[in-house]
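Engineer: quick one, what's the 3D model for this:
(chains A, B, C and D)
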2 protein chains.
Amino acid sequence: MQKAISQAVIKRLPRYYRYLGELMDEGIERISSSELSQRMKVTASQIRQDLNNFGGFGHQGYGYHVPTLYNEIGNLLGVNDHHNMIIIGAGNLGRALANYENFSKRGTSIIGVFDNDPSVIGSVTGKHQIKDIKGVEAFVKEHGVDIAAICIPKSAAGEVAKNLAGLGVRAFWNFSHMDLELPEEYIVENVHLSESLMQISYMIQDQDKKREKDK
Amino acid sequence: MQKAISQAVIKRLPRYYRYLGELMDEGIERISSSELSQRMKVTASQIRQDLNNFGGFGHQGYGYHVPTLYNEIGNLLGVNDHHNMIIIGAGNLGRALANYENFSKRGTSIIGVFDNDPSVIGSVTGKHQIKDIKGVEAFVKEHGVDIAAICIPKSAAGEVAKNLAGLGVRAFWNFSHMDLELPEEYIVENVHLSESLMQISYMIQDQDKKREKDK
DNA sequence: TAGATTGTTAATCGATTAACAATC
DNA sequence: TAGATTGTTAATCGATTAACAATC
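Structural biologist: Numbering: from 1, shown residues only, chains lettered A, B, ... in the order given. All right, here's what the predicted structure looks like:
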C-alpha cells in the first residue's frame, strides 16, 4: 500500500467484480487478461495495470484464477465487511433504495429509513417502517451508522448531512440536487439523476447536429 | 463544431448549468471564471477551457453574463428541446423515476411506464397508469420515443433494449445490473447503483486501512 | 523445454493547469 | 486610458496503451 489508487481505477473495480461474478456463474475457473478484455471491452493492458495496483493476483503463463480474483476484489471493495446504512427521505427514491435487495449481499445493511412527513412516518415500505427524522440522532448513537443515503430536497440536505457527519456518519450517498459541503475526510458519492439524464439529452442533440451537417 | 467534445467536458456541463441556475436565483447577473471557480471548487482555467469548446460566451474584462451563459448551456444540453421517454419496469426504481418532477423541466417527458407483471399492470403510480409491456411496440410506433429507462432485471434487460432499439429508440438510460450490447450509434448512459455504493464501501475500507497504518 | 501470459517499464495520448497576449 | 478578465497557447500532469523481459 504505497502510492494512492486513482479514482479512475476505483471506479472500475465494481465492474471487474461484476464480470468476475458472471465468470463464476458460468463455472469458468481461469481467465487471461486478453480474454477478459474482450468480454469487458477494455484493453488487456489496462486490466493488468489496474489489478497490479493491488499486488500480483495473476500467474505468468496461466492468467488469473477466477475465484481467487473475485474474492480479492471483493475484499478490496469491502463486500466481506459489514456497513450500516440509513436512508434519509422516504419519497419514491428513498423507498426504492430501501427495497433494493442487492446491497446487503455486498456488505451494506439498511437499518433505518427516516422522513419528516407525519403522513408517512409509521407506514411501512418493504421490510422497513419509516421512522421520524427527529429520532435519527438517538438512532445513530445507538446503532452506529457508516453510510447515509440522502434522498431529500436540497433545501434540507446540507443541514441534515452536516448533523449526521457530526454524529459520526462517515460516508454520504448523495442523491439530492446539490453538492454537500463537508470536510474532506468525509466520503461523498454523488448520484445526480437529472444530470445523468441531461447527458443523454446532450448526446441526442449532438447526434442531431452531426446528422444535420452530414446531409 | 470541429473537434469532438470530450466525455469529461460533457459530464461537467450539467453541473455548470446547475450552478448557473443558482446564480440566476440569487439574481446575480455577471460572474468571472475565478469567482465561479471558487463556488464550484474547480480551476478557473478549466472553466474557461470548457466553455470555449462551444465558442466565446464570455467578454474580456467583464466575465460571463449569467442569463446568457445559462441559456447557452441549456441549449447545449437540450433542455429547450423536447424528448419523449418511457420507463421499462415499474418496480420501486421505475416508479421513483416516473414520479420525478424535474425531468420535464429539462425537456424530457415521461409518456409511458411499462411492466410485465399482471398484478401491477393497470395500477397507477403518480400520474401514470402502468401499461402492459406487450403493448410497448405499438406504443413506440405511435408516439415516437427517444429515450427508454431500463429498470428491469438483467435477465430481461438486454432483450428488451435490443427490441426497443429496433423500433427507433435512440437512447437508453440503463439502471439494470449489466452492460447493454447495442451498436455504437445508440446512446447508453449507465446508472449502476450497487456499483456506486461499492465505491463508497471501497473508500471506507481504504480509510480504515490508512488509519490502522497511521497508528 | 517451449509457449503463454503476467508484471512492469517505457511511450503515447489526453486532460488539466499555468501563463499571457488580446481586448473589452 | 488603466484594469480586468477572457480566449488560447504552452507546460504539466496523469492515465492509457504498447512493448517486452521475467517467469510459470
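Engineer: give me every residue in chain A lying close to DNA strand C.
Structural biologist: Contact residues (CB under 7 Å from any atom of the strand) of chain A with DNA strand C: A:32-34, A:44-45, A:48-49, A:51-52, A:56-64. In this view, the C-beta of every residue, glycine as well, is placed from N, C-alpha and C.
Engineer: just the ones of those residues in helices?
Structural biologist: With DSSP state H as the criterion, helices contain A:33-34, A:44-45, A:48-49, A:51-52 from among these.
Engineer: quick check: the two most widely separated of those residues?
Structural biologist: A:S34 and A:N52 (15.4 Å; CB to CB).
Engineer: can you flag the buried ones in the ones in helices among the residues of chain A next to DNA strand C?
Structural biologist: Among these, those buried by neighbour count (16 or more other CB atoms under 10 Å in any protein chain shown) are A:33, A:48, A:51.
Engineer: residues contacting the second one?
Structural biologist: This means A:R48. A:R48 sits next to A:33, A:58 when contact means CB atoms under 8 Å, 6 or more residues apart in numbering or on different chains.
Engineer: let's see it at 6 Å
Structural biologist: When contacts are counted by CB atoms under 6 Å, 6 or more residues apart in numbering or on different chains, A:R48 touches A:S33.
Engineer: then the longest helix along chain A to CSV, C-alphas only?
Structural biologist: Longest helix in chain A, counting residues (DSSP H): helix A:193-214. C-alpha atoms of helix A:193-214 as CSV (Å, rounded to 0.1, in the frame of the first residue of the first chain):
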residue,chain,number,x,y,z
LEU,A,193,-30.0,11.6,-11.7
SER,A,194,-31.2,14.6,-13.5
GLU,A,195,-27.6,15.4,-14.5
SER,A,196,-27.2,11.9,-15.8
LEU,A,197,-30.3,12.4,-17.9
MET,A,198,-29.1,15.7,-19.2
GLN,A,199,-26.0,14.0,-20.6
ILE,A,200,-28.3,11.8,-22.6
SER,A,201,-30.1,14.8,-23.8
TYR,A,202,-26.8,16.4,-24.8
MET,A,203,-25.8,13.4,-26.8
ILE,A,204,-29.1,13.3,-28.6
GLN,A,205,-28.7,17.0,-29.5
ASP,A,206,-25.2,16.4,-30.6
GLN,A,207,-26.1,13.5,-32.8
ASP,A,208,-28.9,15.6,-34.4
LYS,A,209,-26.4,18.3,-35.2
LYS,A,210,-24.0,15.9,-36.8
ARG,A,211,-26.7,14.3,-38.8
GLU,A,212,-27.9,17.7,-39.9
LYS,A,213,-24.5,18.6,-41.1
ASP,A,214,-23.8,15.4,-42.9
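Engineer: average pLDDT across it?
Structural biologist: For helix A:193-214, mean pLDDT rounds to 92.
Engineer: give me phi/psi at A:S123?
Structural biologist: In terms of degrees, to the nearest 10, the main-chain angles of A:S123 are phi -80, psi 170.
Engineer: list the contacts for the closest residue to it other than its chain neighbours?
Structural biologist: Closest residue to A:S123 apart from its sequence neighbours, by CB to CB, 6 or more residues apart in numbering or on different chains: A:I130 at 5.6 Å. Listed by CB under 6 Å, 6+ apart, the contact set of A:I130 reads A:90, A:113, A:115, A:120-121, A:123.
Engineer: if we go to 8 Å?
Structural biologist: A:90, A:113-115, A:120-124.
Engineer: then A:A148?
Structural biologist: Listed by CB under 8 Å, 6+ apart, the contact partners of A:A148 are A:85-88, A:161, A:164, A:169, A:171-173.
Engineer: returning to what we had before: and the gap between the residue nearest to A:S123 and DNA strand D?
Structural biologist: 41 Å (CB to the nearest atom of the strand, to the nearest Å).
Engineer: A:R39 too?
Structural biologist: Distance, A:R39 to DNA strand D, using CB to the nearest atom of the strand: 15 Å.
Engineer: residues making contact with stretch A:177-190?
Structural biologist: Identification of contacts with stretch A:177-190 by CB under 8 Å, 6+ apart yields A:150, A:153-154, A:157-158, A:161-162, A:165, A:170-174, A:192, A:194, B:18, B:102, B:196-197, B:199-200, B:203-204, B:207.
Engineer: which residue ranges form the helices in chain A?
Structural biologist: Ranges of helices in chain A, per DSSP H, are A:7-25, A:33-40, A:44-52, A:66-76, A:92-98, A:102-105, A:136-143, A:154-166, A:193-214.
Engineer: now those in JSON lines, with distance to B:D179?
Structural biologist: JSON lines is the format used below for those (distance: least, CB to CB, whole Å):
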{"stretch": "helix A:7-25", "distance to B:D179": "8"}
{"stretch": "helix A:33-40", "distance to B:D179": "8"}
{"stretch": "helix A:44-52", "distance to B:D179": "16"}
{"stretch": "helix A:66-76", "distance to B:D179": "17"}
{"stretch": "helix A:92-98", "distance to B:D179": "21"}
{"stretch": "helix A:102-105", "distance to B:D179": "16"}
{"stretch": "helix A:136-143", "distance to B:D179": "36"}
{"stretch": "helix A:154-166", "distance to B:D179": "31"}
{"stretch": "helix A:193-214", "distance to B:D179": "16"}
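Engineer: winner for burial among those?
Structural biologist: Mean neighbour count (mean count of other CB atoms under 10 Å in any protein chain shown) peaks for helix A:92-98 among the helices of chain A, with a mean of 24.
Engineer: tell me if that one is near chain B.
Structural biologist: Yes: Helix A:92-98 reaches chain B (CB under 8 Å from any CB of the partner chain) through A:92-93, A:95-98.
Engineer: packing partners of the longest strand seen in chain A?
Structural biologist: Criterion DSSP state E: the longest strand present in chain A is strand A:108-115. Strand A:108-115 makes packing contacts with strand A:83-88, helix A:92-98, helix A:102-105, strand A:128-129, strand A:131-132, helix A:136-143 when contacts are defined by 3 or more CB pairs under 8 Å, 6 or more residues apart in numbering or on different chains; DSSP states H and E.
Engineer: take those and write them to TSV, including mean pLDDT and distance to B:R39.
Structural biologist: Supplementary listing: the helices and strands packed on strand A:108-115 in TSV, determined by pLDDT from 0 to 100; distance: least, CB to CB, whole Å:
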stretch	mean pLDDT	distance to B:R39
strand A:83-88	98	25
helix A:92-98	96	26
helix A:102-105	91	33
strand A:128-129	96	37
strand A:131-132	98	35
helix A:136-143	97	29
